[in-house]
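Enquirer: Give me a model of this one.
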Amino acid sequence: MSCIGVLYKSKASKNPNPGDAVLADFQVNYWKLPKKHWGYNRFIDLGALIYDAQDLESILFYVPFKLKEDDLSDLGEILVKEDLLGTLFNEPYKIENAPQSPGYHYASLSRQEEPKQGFWIYSLTKTNFKVTELSVGSLIEVSFKTKPAPREDIKSSDDNKEYRLNLYIRFRIKNVLKNSLSYIESVSNDFFQSVFSRTEMMNLHINTIGEIDDDDYKNLASKYSFVNFYKIHFFFVASSEEEAVAGTTNYTDSRLLDSPKWKQYVGENNPQNRKCLAYHWKLKGTIERGNFFFRTIYSSTNILKIVKYSIVILILGIISSYSASLLPQCSSSKEYSKCGCIQNCDSVLSDSIRTPKIVNEK
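Expert: Here you go, the predicted model:
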């Protein structure tokens, strides 16, 4: 069950009415980059732009595997650099400091004819994270310890609210195991390719209740509400040299991440400094859930198969060598027998010629 859930918890005095779910844009980046010597670094970046978040106490993320708080790290502090935020969203942004709101920076588009609603980037610390282990998966709770001071130029979409607070958070889940969200299989239809390549398939669900473990879902539904989405973005990012998305795909677009700006974002997770290729899937509209599937073939040496094939080749070589060693002996024996037969024949013939036959004449 590969499902990520996004939920929220409102303040005690601000419980939402049925049908008034919190809306957000949600991004999932699944990274897979080769390690320095062997294997792959797998990690996930989760980002959420939450609209009208002034009544929220926390936002929660369910993942279908176990993790620890040490596996989580904030990315908001990196994104407050204008060039990197623009690179990530593929649009030019300007960043404003907020001296009266520690931990917050205000981001808005820098090139536009008409003003557009911006958002607050919230830099998280260890105190913002809380991980709860469930029956199958884990629940990551990101609490909002503080809220930024209201800005006069930010208006709410609801006249009953004093101002509109759009919050953006982004963090990374490190040390993701290879079978946590995807399935690994051998390439079964090619004898040689199966030794040096493998297939990885992922069918990722977002807020699909049927794909969440029953016990975990009961635990979540009894305390929290599920977020609805304006947009869901899913990125699969891998080495351009060792990975290729195969089969039928419906990704929206793809791009090469070779800019030096990405180095500071990826950090030490790309020790070989490989160029990265990003495949992008997108869903938009007011939606409750999403689903993404992809299949990729990647470089992976199967040591066990190499050993098996080497043993088979070694055995075949021994049998061939032994068979070849028997051929000269068999050949010599046949020649000896043949020569002996000829010599006997010659001897008999000679004796018959030399010994005259006696003919009785009457």
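
Enquirer: Report the strands that pair with the helix or strand that contains residue 43, each with its relative direction.
Expert: Using DSSP states H and E, residue 43 falls within strand 40-50. As defined by DSSP bridges, the strand partners of strand 40-50 come to strand 23-34 (antiparallel), strand 167-173 (antiparallel).

Enquirer: Is it possible to get TSV of those strands that adds mean neighbour count, mean pLDDT and distance to residue 140?
Expert: Heads up, the C-betas are built off the backbone N, CA and C, glycines and all. As requested, the strands paired with strand 40-50 are arranged in TSV below (neighbours: other CB atoms under 10 Å; pLDDT from 0 to 100; distance: least, CB to CB, whole Å):
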stretch	mean neighbour count	mean pLDDT	distance to residue 140
strand 23-34	21	93	13
strand 167-173	22	96	8
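
Enquirer: ok so, going back, which element is encountered next along the chain beyond the strand holding residue 43?
Expert: strand 56-63.

Enquirer: chain center to that next one, what's the gap?
Expert: Relative to its parent chain, strand 56-63 has a centroid offset of 23 Å by CA atoms, centre = their mean, to the nearest Å.

Enquirer: Mind listing what's buried along it?
Expert: 56, 58-63 (16 or more other CB atoms under 10 Å).

Enquirer: And those, which is the shakiest by pLDDT?
Expert: Among these, residue 56 carries the weakest pLDDT, at 91.

Enquirer: and it, what are its bridge partners?
Expert: Going by DSSP bridges, residue 56 forms beta bridges with residue 10.

Enquirer: who's in contact with it?
Expert: Going by CB atoms under 8 Å, 6 or more residues apart in numbering, residue 56 touches 8-11, 22, 50, 144, 167.

Enquirer: repeat that for 10 Å
Expert: 8-11, 14, 16, 22, 50, 143-144, 147, 165, 167 (CB atoms under 10 Å, 6 or more residues apart in numbering).

Enquirer: Confidence-wise, which of these comes last?
Expert: residue 16 (53).

Enquirer: What segments of the stretch 201-350 of the chain are helices?
Expert: Using DSSP state H, counting those that start in this stretch, the helices of the stretch 201-350 of the chain run over 214-221, 261-266, 303-354.

Enquirer: State the mean pLDDT of the host helix or strand of residue 84.
Expert: Using DSSP H and E, residue 84 maps to helix 82-89. Averaged across helix 82-89, pLDDT comes to 80.

Enquirer: do stretch 270-289 as well
Expert: pLDDT averaged over stretch 270-289 gives 87.

Enquirer: could I have it exported to PDB, CA atoms only?
Expert: The C-alpha atoms that make up stretch 270-289 are tabulated as PDB, following Å, rounded to 0.1, in the frame of the first residue of the first chain:
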ATOM      1  CA  ASN A 270      24.500  13.300  -4.800                       C
ATOM      2  CA  PRO A 271      28.200  12.400  -4.000                       C
ATOM      3  CA  GLN A 272      29.000  11.600  -7.700                       C
ATOM      4  CA  ASN A 273      27.700  14.900  -8.800                       C
ATOM      5  CA  ARG A 274      25.500  13.400 -11.500                       C
ATOM      6  CA  LYS A 275      23.100  15.400 -13.600                       C
ATOM      7  CA  CYS A 276      19.500  14.800 -12.600                       C
ATOM      8  CA  LEU A 277      16.500  14.200 -14.800                       C
ATOM      9  CA  ALA A 278      13.100  15.200 -13.400                       C
ATOM     10  CA  TYR A 279       9.900  13.700 -14.600                       C
ATOM     11  CA  HIS A 280       6.800  15.700 -13.600                       C
ATOM     12  CA  TRP A 281       3.200  14.600 -13.200                       C
ATOM     13  CA  LYS A 282       0.400  17.100 -12.300                       C
ATOM     14  CA  LEU A 283      -3.200  17.100 -11.200                       C
ATOM     15  CA  LYS A 284      -5.200  20.300 -10.900                       C
ATOM     16  CA  GLY A 285      -8.700  21.300  -9.900                       C
ATOM     17  CA  THR A 286     -10.400  20.900  -6.600                       C
ATOM     18  CA  ILE A 287      -9.700  17.300  -5.900                       C
ATOM     19  CA  GLU A 288      -9.700  15.000  -2.900                       C
ATOM     20  CA  ARG A 289      -7.200  12.400  -4.000                       C
END
